[in-house]
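*Asks:* Structural data only, the sequence is not supplied:
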């Protein structure tokens, strides 16, 4: 069966520091992968998606970037974090029309 | 603004009662809808989906109803249990890059003992 992993689970970072969040998927090949951010009390905002290695599409302009160095690995990065980058970051993969989510990473920027 | 929204941010029901969570969408071209359940501190969990060519779909203790005329989606949970306490999101697939989904803000379902 397919599983999706995210780490770290929780992260506290100072403003201006770099960021790297990792997502990996097992049990599937060439999945569509997604990064979402969920701010407190709000819905999910799509940040990036990828249909294959090295293929990244950005949905909103922001302080973040994404990369897909391997088929089942999706990385979310930032060179300098802002306070507004705090939130719950979710990775998802798609099969058919349905997206399945990872456990999430809670990021607090201080 | 968002094309998918919820009528109520919080819904409180008695344990054992049925719950109905509502969702309105604005894109008549949306062809697929999903309900997710998100417990505190966890990622959303798929509950049930429905295609636009259907009006109703049933799962285990859950039923999704789709009214395309008024662009309304609902999730019915039968005999709610304490474990049903969570935030419930509806999502619609309206096309766009890589079949992205648009999510509502969610309804927090609280189960009273």
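*Replies:* Everything's here; your move. Please read these numbers as outputs of a predicted model, since none were measured by experiment.

*Asks:* Quickly list what residue B:76 is bridged to.
*Replies:* Under DSSP bridges, the beta-bridge partners of residue B:76 are residue B:20, residue B:63.

*Asks:* any idea how far chain A is from it?
*Replies:* Taking Cβ to the nearest Cβ, to the nearest Å as the measure, residue B:76 falls 20 Å from chain A. Backbone N, C-alpha and C define where each C-beta goes, glycine included.

*Asks:* I figured that residue was touching residue B:20, is that so?
*Replies:* Yes: if you go by Cβ atoms under 8 Å, residue B:76 and residue B:20 touch, sitting 5.2 Å apart.

*Asks:* More neighbours: the two, which one.
*Replies:* Neighbour totals were compared for residue B:76 and residue B:20, and residue B:76 leads with 15 against 12 (other Cβ atoms under 10 Å in any protein chain shown).

*Asks:* what residues are up against the more buried one?
*Replies:* B:18, B:19, B:20, B:21, B:62, B:63, B:64, B:65 (Cβ atoms under 8 Å, 6 or more residues apart in numbering or on different chains).

*Asks:* how much space between the second one and residue B:103?
*Replies:* In this structure, residue B:19 lies at 19 Å from residue B:103, with Cβ to Cβ, to the nearest Å as the measure.

*Asks:* Whichever residue of chain A sits closest to chain B bridge partners, please.
*Replies:* Going by Cβ to the nearest Cβ, chain B is nearest to residue A:101 of chain A, at 3.8 Å. With DSSP bridges as the criterion, residue A:101 is bridged to residue A:92.

*Asks:* What's the local residue count around it?
*Replies:* Using other Cβ under 10 Å, residue A:101 is surrounded by 21 other residues.

*Asks:* Repeat that for residue B:48.
*Replies:* When counting by other Cβ under 10 Å, one arrives at 17 neighbours for residue B:48.

*Asks:* Please name the bridge partners of it.
*Replies:* Here residue B:48 sits in beta bridges with residue B:35, as judged by DSSP bridges.

*Asks:* Please enumerate the strands of the chain.
*Replies:* Just going to use chain A. Read by DSSP state E, chain A holds these strands, from start to end of the chain: A:3-7, A:10-13, A:19-26, A:32-38, A:44-52, A:55-58, A:65-70, A:73-78, A:87-95, A:98-101, A:105-109.

*Asks:* Hmm, no, I was thinking of chain B.
*Replies:* Taking DSSP E as the criterion, chain B contains strands spanning B:4-6, B:10-14, B:19-25, B:32-38, B:45-51, B:56-58, B:62-67, B:72-77, B:86-93, B:101-103, B:107-112.

*Asks:* Can you name the residues bridging to the residue most central in space within chain A?
*Replies:* In chain A, the C-alpha closest to the average C-alpha coordinate belongs to residue A:35, at a distance of 3.4 Å (Cα atoms, centre = their mean). The partner list for residue A:35 in beta bridges (DSSP bridges) reads residue A:48, residue A:91.

*Asks:* Contacts only, for it.
*Replies:* Counting by Cβ under 8 Å, 6+ apart, residue A:35 has contacts A:23, A:46, A:47, A:48, A:49, A:66, A:74, A:76, A:89, A:90, A:91.

*Asks:* Need the per-residue pLDDT for residue 44.
*Replies:* Unless you meant another one, I'm taking chain A. At residue A:44, the pLDDT value in this model is 87.

*Asks:* Chain B was what I was after
*Replies:* With respect to pLDDT, residue B:44 scores 94.
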